[in-house]
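**Student:** Here's a sequence, model it:
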Amino acid sequence: MGTLSCCLLLALALLGPSAAAARKCDLQGLWRNELGSNMTLSALDAAGTFSGSYHTAVAATNKKILVSPLQGAQQYLGAKGQPTFGFTVQWQFADSTTAFVGQCFVDRHGKETLETVWLLREGVPSRRDAWKATR
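**Tutor:** I've put the predicted structure just below:
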């Protein structure tokens, strides 16, 4: 009896890492980046869209930083567990919008990480100034 439980425990331990690696990434919830910004995402709807809020910890403004709404979409997962996604944030404290695109990864320990890139577009007074409006 003791040998059977020991083998079962060993089998579960060996299956653990592969089970974590097979885990699908779930965008819903609270996310924090290395700079201290926070993002909360709702559950995906049937079309793969989501909404949420973003509270940035960094901004090039003297205005008070406010929590800002976001809207996004995730590609249909199918059998894949590490989806790509995109979302936009409409900043409530600045005349700008940021578009993020990225992918969600789950490591062998089950930790979820979002890898993203972004473009920020701020409003400018004229088309002549458009060249300096995107970062």
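**Student:** For residue 117, what is the enclosing helix or strand?
**Tutor:** strand 112-122 (DSSP states H and E).
**Student:** now do residue 35
**Tutor:** Going by DSSP H and E, residue 35 is not in any helix or strand.
**Student:** these two touch, right, it and residue 58?
**Tutor:** Yes: assessed by Cβ atoms under 8 Å, residue 35 is found in contact with residue 58 at 5.5 Å. Quick note: C-beta positions are derived from backbone N, CA and C, even for glycine.
**Student:** so what's the residue positioned nearest the centre of the chain scoring on pLDDT?
**Tutor:** Residue closest to the average C-alpha location in the chain (Cα atoms, centre = their mean): residue 114, at 4.8 Å. Residue 114 is assigned 94 on the pLDDT scale.
**Student:** Show the contacting residues for it.
**Tutor:** When contacts are counted by Cβ atoms under 8 Å, 6 or more residues apart in numbering, residue 114 touches 27, 31, 102-105.
**Student:** Show me the helices in this protein, by range?
**Tutor:** For the chain, the helices defined by DSSP state H cover 2-21.
**Student:** Output the lowest mean pLDDT helix or strand found in it.
**Tutor:** Ranking every helix and strand in the chain by mean pLDDT, DSSP states H and E puts helix 2-21 at the bottom, with a mean of 43.
**Student:** which stretches of the chain have low pLDDT?
**Tutor:** 1-22, 77-80 (pLDDT under 70).
**Student:** can you do 90?
**Tutor:** Low-confidence segments of the chain (pLDDT under 90): 1-26, 58-65, 76-82, 108, 135.
**Student:** hey, where'd the strands end up in it?
**Tutor:** Secondary structure of the chain (DSSP state E): strands at 29-32, 38-41, 49-55, 68-74, 84-90, 96-106, 112-122.
**Student:** Out of these, which is closest to residue 128?
**Tutor:** strand 112-122 (14.8 Å; Cβ to Cβ).
**Student:** by how many degrees do the closest one and strand 96-106 diverge?
**Tutor:** Going by axes from the mean of the first three to the mean of the last three Cα atoms, to 10 degrees, strand 112-122 is angled at 170 degrees with respect to strand 96-106.
**Student:** Perfect, that will be all.
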